[in-house]
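Enquirer: Sequence isn't available, so here's the structure alone:
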């Protein structure tokens, strides 16, 4: 029996095509994925992301526990409400999951992926040994992402009052609680917008209000094309437990300083760094016809080979883009094998699109 | 439920075939096929003047989600292709049995129309329902 979010009936009502996603029945689109994608780039769209796992970390040792658990350093969160992206690594450096952690008032809120929920929770609980800390999943919450250049203002107008004031005052990568809702200026689309954690029983009415205000219901299909244009990794495609964050474009998320912070995976990463020779995650652009897809072979100019980890057609650019893991020696151009034929591609630094505009060189 | 036109013949791989009185036939993909693929972004048709063989690959459609081969329902020479699809592949999503046609074949062996691979609309409905369950 598949899991359903509290918004499932709303999706069906809106004409969603439902697919299985990590054990959840989720909307892939409500008609046209490209129209949903464009709504987020040009106006505002809403995604049901209630399948994601909200976990609260409380207790006296919350901070030092997270400093051991995560490759990024929560001590970088200088004030309440600030958010941090991090990998959670195994001792051998492999990525168990990627997540966002928010600093709350004396505790932390972590949002992890749905397909990794069970192993994440087991790992997080296991690492509590020796710490005065509690790990609590919060299934009583739904979660929605409202994204796009007009998203914040539309939500502020709908909610009004104290919540509107909060929304208008939020800085990028900051989240705050108000009247039992947690509202953060974060997302997975490369646009401005909000991620909102709210009680399950309030979610269907709020969803309907958003649609009535002209916010477009968007499925997981558009979520994937948007995140790929924004150059953001997808767990399970661009990295997993067999991949070092250093080979997954996540080097920037590893806080090496202070040197004595002994986070899980640190020793392995240091050894990998010293040994060198790791592949790198790059962006690929195919400006002619055809679509780059996951697992296609990439051939560098010196003949060495890599692989596409995520590929799609970019609705904003009108041609195909991809993330690929390639040998370090790969230069500015390469070839990709599509159905037995080699196609020339540009090798670029992601992201591809930010705030509605092409940004790669 | 997607639309299935009774006057057409179908392949189990979701192409449709409309036979004309002049010995040619038009080929496209079914409403069910376009719906399951999602928004199409590229359509690669065979070249005019080339020959295609029944049951063999004749082109490719790429949606945002996936690539899928197009098989020729019958053998013959390609006498026309739908050039509009180069700029507007979404015609296949919007009107799979009309503006979304892909290519036209001059049949080299009309007897192929009796082959068991070509499904009637009823048989195709049964096939789609079977896939959905």
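Expert: Arrived safely, thanks for sending. From a predicted model like this one, the values you see are computed outputs, not experimental measurements. Numbers count the residues shown, from 1 in each chain, chains lettered A, B, ... in the order given.
Enquirer: Could you tell me which residues of the stretch 101-250 of chain A lie near chain B?
Expert: Within the stretch 101-250 of chain A, the positions adjacent to chain B are A:221, A:225 by CB under 8 Å from any CB of the partner chain. No exception for glycine: its C-beta is placed from N, CA and C like everyone else's.
Enquirer: Can you tell me which residue is spatially central in chain A?
Expert: Nearest to the mean C-alpha position of chain A, counting by CA atoms, centre = their mean, stands residue A:188 at 5.0 Å.
Enquirer: so that one touches residue A:228, yeah?
Expert: No - counting by CB atoms under 8 Å, residue A:188 stays clear of residue A:228, with 10.3 Å between them.
Enquirer: tell me the secondary structure for the residue nearest to the centre of chain A?
Expert: The three-state assignment at residue A:188 reads coil, by DSSP: H, G, I helix; E, B strand; the rest coil.
Enquirer: Count the residues that sit near the closest residue to it other than its chain neighbours.
Expert: Nearest residue to residue A:188, sequence neighbours excluded (CB to CB, 6 or more residues apart in numbering or on different chains): residue A:227, at 4.8 Å. Residue A:227: 20 surrounding residues under other CB atoms under 10 Å in any protein chain shown.
Enquirer: what's the answer for the one 10 residues further on, then?
Expert: Applying the criterion other CB under 10 Å, we find 16 residues in the vicinity of residue A:237.
Enquirer: List the contacts of it.
Expert: Residue A:237 is in contact with A:294, A:309-310, counting by CB atoms under 8 Å, 6 or more residues apart in numbering or on different chains.
Enquirer: same deal with residue A:185?
Expert: Contact analysis of residue A:185 by CB under 8 Å, 6+ apart lists A:152, A:170-175, A:192-194.
Enquirer: Chain B: which of those is nearest?
Expert: For chain B, the nearest member of the contacts of residue A:185 is residue A:193. The distance, counting by CB to the nearest CB, is 21.2 Å.
Enquirer: Correct me if wrong: that closest one contacts residue A:187.
Expert: Yes - here residue A:193 reaches residue A:187: they are 4.5 Å apart, a contact under CB under 8 Å.
Enquirer: intersection of neighbour lists for the two?
Expert: Counting by CB under 8 Å, 6+ apart, the contacts common to residue A:193 and residue A:187 are A:145, A:147.
Enquirer: mind checking how far the residue of chain A most remote from its centre is from chain B?
Expert: In chain A, the greatest distance from the average C-alpha position (CA atoms, centre = their mean) is reached by residue A:302, at 33.1 Å. Using CB to the nearest CB, to the nearest Å, we find residue A:302 at a distance of 28 Å from chain B.
Enquirer: and that residue, what does it touch?
Expert: By CB under 8 Å, 6+ apart, the contact set of residue A:302 is A:327, A:329.
Enquirer: hang on, it in a strand?
Expert: No - with three-state DSSP as the criterion, residue A:302 is coil rather than part of a strand.
Enquirer: Pull the contacting residues for the residue nearest to the centre of chain A.
Expert: By CB under 8 Å, 6+ apart, the contact list for residue A:188 reads A:145, A:147, A:223, A:226-227, A:230, A:232.
Enquirer: Please apply the same query to residue B:125.
Expert: Neighbouring residues of residue B:125 by CB under 8 Å, 6+ apart: residue B:4.
Enquirer: and it, what are its phi and psi?
Expert: As for residue B:125, its main-chain torsions (degrees, to the nearest 10) stand at phi -60, psi -50.
Enquirer: Number of residues surrounding residue A:161?
Expert: The burial count for residue A:161: 10, using other CB under 10 Å.
Enquirer: Roughly how far does it sit from residue A:23?
Expert: Distance of residue A:161 to residue A:23, computed by CB to CB, to the nearest Å: 38 Å.
Enquirer: pLDDT wise, what is residue B:1 at?
Expert: We have a pLDDT of 64 for residue B:1.
Enquirer: ok so, going back, thought the residue nearest to residue A:188 was touching residue A:191?
Expert: No - using CB under 8 Å, residue A:227 is not in contact with residue A:191; the gap is 10.8 Å.
Enquirer: Closest residue of the stretch 151-300 of chain A to chain B?
Expert: Per CB to the nearest CB, residue A:291 is where the stretch 151-300 of chain A lies closest to chain B, at 4.5 Å.
Enquirer: May I have the secondary structure class of residue B:2?
Expert: coil.
Enquirer: Tell me the buried residues within the contacts of residue A:185.
Expert: A:152, A:170, A:173-175, A:192-194 (16 or more other CB atoms under 10 Å in any protein chain shown).
Enquirer: what stretches of chain B score poorly on pLDDT?
Expert: Across chain B, the ranges flagged by pLDDT under 70 are B:1, B:133.
Enquirer: Quick one: name the residues of chain B near chain A.
Expert: Taking CB under 8 Å from any CB as the criterion, chain B approaches chain A at residues B:35, B:38-39, B:41-42, B:44, B:60, B:62, B:64-67, B:90, B:93.
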